[in-house]
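Peer 1: What would the 3D arrangement of this be:
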Amino acid sequence: MRVYWDIFYAFLKIGAFTLGGGYAMVPLIEREVVDSKKWISRHEFIDLLAIAQAVPGVLAVNMAVFAGYKVRGVKGSVVAALGATLPSFVIILAIAIFFTGFKDNPVVERIFKGIRPAVVALIAVPVITTAKAAGITYKTVVIPIVVALLIWLLSVSPVYVVAAAAAGGLIYQLGFKDKKTGRFRKGESEA
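Peer 2: Now for the predicted structure:
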C-alpha cells in the first residue's frame, strides 16, 4: 500500500507545482522517476518520452501511466494518472468558478505576463536534456532543426515526420547490420 501512496504523491507534487503543461513537467518527472525514486532507467525514460509523445493524450499523463505501470502494473498506472491530473482538475475548477470575478484585474494580468517567460524556460530545459540523453551531437543537430523547420514553416504533419524517422531508422539498421552475426559492421556503431 505504501508504494501506491509514493506513486500518487510523486505525481501529485509534479502536477501541483508545474506551470506550462506536459513539456514543462518532463524535467520534474525525470528527476522524480529516474534520479530520485529510480523506478526507470534514463534510457527507458527517453523511450518513454518518445512513446508518450507518439500516442494520443496528454504528455504528462501518458508518462505518469507508463511510470506507474512499470512500478505496479495497472493499479500503479491508475494511481499515477490520478496524482498527475488531480491538481490540474482542482485548479481549473477553481479558476472556472472564481476567475470571472477578477480576470480583468491589472495585478492578475501582470502576474500572467510574468509567468510566460518562466514557462518558456521550463519547456526549453527538457528539450536540451532530452537532446543530450538521446545522443544529439554537433553532427546530428541538423536533423531536429530541419524537422522543426519542416513542421513550423511548411506545416508538414508530425505524423509524416515520425513515419519517415521510423522508416529511416529501419533502413539504417538493415543496411549496417551484418546479416549473419546480427552485429554492426566494422566501423559502424549502434545508434
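
Peer 1: Can you show me the helices along the chain?
Peer 2: Taking DSSP state H as the criterion, the chain contains helices spanning 2-16, 22-30, 42-54, 59-98, 106-133, 142-153, 158-176.

Peer 1: now the angle from the last one to helix 42-54?
Peer 2: It refers to helix 158-176. Between helix 158-176 and helix 42-54, the angle comes out at 140 degrees (axes from the mean of the first three to the mean of the last three CA atoms, to 10 degrees).

Peer 1: quick one on the thing from earlier: in TSV, list the helices of the chain along with distance to S36, mean neighbour count and mean pLDDT.
Peer 2: Where you see a C-beta, it was placed from the backbone N, CA and C, and this is true even at glycine. Below are the helices of the chain laid out as TSV (distance: least, CB to CB, whole Å; neighbours: other CB atoms under 10 Å; pLDDT from 0 to 100):
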stretch	distance to S36	mean neighbour count	mean pLDDT
helix 2-16	8	19	93
helix 22-30	10	22	83
helix 42-54	12	16	87
helix 59-98	12	18	91
helix 106-133	15	13	82
helix 142-153	28	12	91
helix 158-176	31	11	86
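
Peer 1: And K113, how close does it get to V127?
Peer 2: As judged by CB to CB, to the nearest Å, K113 and V127 stand 23 Å apart.
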